[in-house]
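**Q** Predicted structure and sequence below. I'll ask about it afterward.
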Amino acid sequence: QQQVKQSPQSLIVQKGGIPIINCAYENTAFDYFPWYQQFPGKGPALLIAIRPDVSEKKEGRFTISFNKSAKQFSLHIMDSQPGDSATYFCAASIGSYNTDKLIFGTGTRLQVFP
Amino acid sequence: NAGVTQTPKFQVLKTGQSMTLQCAQDMNHEYMSWYRQDPGMGLRLIHYSVGAGITDQGEVPNGYNVSRSTTEDFPLRLLSAAPSQTSVYFCASRPRGVYRPGSSYEQYFGPGTRLTVT
């Protein structure tokens, strides 16, 4: 049973576009929601993360929007660049500061064309 | 710092063979984890450790053993490989966290081991 559902599976945008990746969860005990970026042949790397006490977090061109009542969160990439082409994973965990039980979504493969 | 290192990068096993995937980190991180990544499934947690001598099961522990005798090393053992264990395996580590609002508890991932079981 997938506890974190991610969509779409793949996404193609032109340079400068704003791809949006969505995730939904069921377990209301989740209290930490990171996004990881993975390039081919590499391990995932943390991109940005949010806690449910805020509705939005921005870091550079990357923004997480969080809707606690809908149990959904999404990643927006502003002014997307070809170098952003990668696979993006959302994740969730409970009490993340003292546990490593991250539950990942299934991933979104993003391609940004010049 | 080398970060998180994994060996080997690639491995082919026959059904029933055993092997150990190695993982080491030089950042003095207390927490270490093993994940497997399969197409369309994302990453799934196999086992994790919160310190030397302490391990626990993740989502998909069956068929895998771990031990943590030192802070630096966290090997993953396949006792009798099966084709269902064909996957890419990632090791990750991070320091123990103290809860602070807004903090990120970043896991640092290794480059992965691609395992094929025939």
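**A** That came through, no problem.
**Q** surely residue B:78 meets residue B:86?
**A** No: at 11.0 Å, residue B:78 and residue B:86 do not qualify as touching, with contact defined as C-beta atoms under 8 Å. In short, each C-beta sits where N, CA and C put it, glycine included.
**Q** and for these two, which residues touch both?
**A** Residues touching both residue B:78 and residue B:86 by C-beta atoms under 8 Å, 6 or more residues apart in numbering or on different chains: residue B:115.
**Q** which of those two has more neighbours?
**A** Legend: neighbour count by other C-beta atoms under 10 Å in any protein chain shown for residue B:78 and residue B:86, higher for residue B:78 (20 against 16).
**Q** For that one, name its beta-bridge partners.
**A** Beta-bridge partners for residue B:78, by DSSP bridges, are residue B:19, residue B:64.
**Q** what sits against the closest residue to residue B:55 other than its chain neighbours?
**A** Among residues not flanking residue B:55 along the chain, residue B:49 sits closest, at 4.6 Å (C-beta to C-beta, 6 or more residues apart in numbering or on different chains). Counting by C-beta under 8 Å, 6+ apart, residue B:49 makes contact with B:31-33, B:55-56, B:66, B:68, B:74.
**Q** what about 6 Å?
**A** Going by C-beta atoms under 6 Å, 6 or more residues apart in numbering or on different chains, residue B:49 touches B:32, B:55, B:68, B:74.
**Q** strands paired with the host helix or strand of it, and their directions?
**A** Assigned by DSSP states H and E, residue B:49 belongs to strand B:42-51. Using DSSP bridges, strand B:42-51 pairs in its sheet with strand B:31-38 (antiparallel), strand B:54-57 (antiparallel).
**Q** who's in contact with the one residue in chain A that gets nearest to chain B?
**A** As assessed by C-beta to the nearest C-beta, chain B sits closest to residue A:43 within chain A, at 3.1 Å. By C-beta under 6 Å, 6+ apart, the contact set of residue A:43 is B:90, B:109-112.
**Q** Quick check: pLDDT value at it.
**A** You'll see residue A:43 listed with a pLDDT of 94.
**Q** cool, and residue B:19?
**A** 96.
**Q** any idea how far residue B:7 is from it?
**A** Distance, residue B:19 to residue B:7, by C-beta to C-beta, to the nearest Å: 11 Å.
**Q** okay but residue B:68 is in contact with residue B:52, surely?
**A** Yes: look at residue B:68 against residue B:52 with C-beta atoms under 6 Å: they come within range, at 5.3 Å.
**Q** the strands in chain B, which residues?
**A** Taking DSSP state E as the test, the strands found in chain B are B:4-7, B:10-13, B:19-25, B:31-38, B:42-51, B:54-57, B:64-66, B:76-78, B:87-94, B:108-109, B:113-117.
**Q** tally of neighbours for the closest residue to residue A:92 other than its chain neighbours?
**A** Excluding the flanking residues, the one nearest residue A:92 by C-beta to C-beta, 6+ apart is residue A:30, at 4.1 Å. Number of residues near residue A:30 (other C-beta under 10 Å) recorded here: 21.
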